[in-house]
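Colleague: Dropping a prediction and its sequence here:
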Amino acid sequence: MTMTDPIADMLTRLRNASAAKHETVDMPYSKFKANIAEILRREGYIKDFSAKEAKVGQTLEIALKYGPTGERSLQGIKRISKPGLRRYAKSDSLPMPLGGLGIAIISTSSGLLTQKECLDRGIGGEIVAYVW
């Protein structure tokens, strides 16, 4: 069975694993998913990620992060731009999830960036997801 939206699948796996308090979550590897994982690691939502060889292709393994008393660092994650309805934002109208407490992951001509990095560079792009 083919998957129409592998990014939504990745975000759902992260959301479900975080809610179930799993230590790690595995998913099929792609460069785009690895770039999303890099942003999540850099912003402090996950511990780390790595690509591992599988029987066919590669697997992306993400280590989830929890607080000292077990609270989730990844409270929510939502797909915004979907294959059936793409969402774009100009540099002067970038979204601020939760009034700036969360991040928006934006696909630009310079690669995947957060909305804060897009504001600094003055560029817009496709809004991939909100994370808080």
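Modeller: Looks like it came in fine.
Colleague: ok, the closest residue to residue 22 other than its chain neighbours - how many residues close by?
Modeller: Excluding the flanking residues, the one nearest residue 22 by C-beta to C-beta, 6 or more residues apart in numbering is residue 64, at 6.4 Å. From N, CA and C alone the C-beta is placed, and that goes for glycine too. Residue 64 has 21 neighbouring residues, counting by other C-beta atoms under 10 Å.
Colleague: And residue 53, by the same measure?
Modeller: Residue 53, neighbours per other C-beta under 10 Å, totals 9.
Colleague: Distance of it relative to residue 59?
Modeller: Distance of residue 53 to residue 59, given as C-beta to C-beta, to the nearest Å: 8 Å.
Colleague: which residues sit in contact with the residue lying closest to residue 114 once chain neighbours are set aside?
Modeller: The shortest distance from residue 114 to any non-neighbouring residue, by C-beta to C-beta, 6+ apart, is to residue 103 (4.7 Å). With contacts defined as C-beta atoms under 8 Å, 6 or more residues apart in numbering, the neighbours of residue 103 are 39, 43, 97, 114, 115, 116, 130, 131, 132.
Colleague: Closest to residue 89 out of the residues you listed?
Modeller: Among these, residue 115 lies closest to residue 89 (C-beta to C-beta), at 8.2 Å.
Colleague: in the protein, what residue sits furthest out from the centroid?
Modeller: What lies farthest from the middle of the chain is residue 55; by C-alpha atoms, centre = their mean that is 25.2 Å.
Colleague: Give me the phi and psi angles of that residue.
Modeller: Dihedral pair for residue 55: phi -60, psi -40, per degrees, to the nearest 10.
Colleague: quick one: it and residue 63, what's the gap?
Modeller: Counting by C-beta to C-beta, the separation of residue 55 from residue 63 is 22 Å.
Colleague: same thing with residue 106?
Modeller: Counting by C-beta to C-beta, the gap from residue 106 to residue 63 is 25 Å.
Colleague: Report the secondary structure element holding the spatially most central residue of the chain.
Modeller: Nearest to the mean C-alpha position of the chain, counting by C-alpha atoms, centre = their mean, stands residue 36 at 4.3 Å. If you go by DSSP states H and E, residue 36 is part of helix 31-42.
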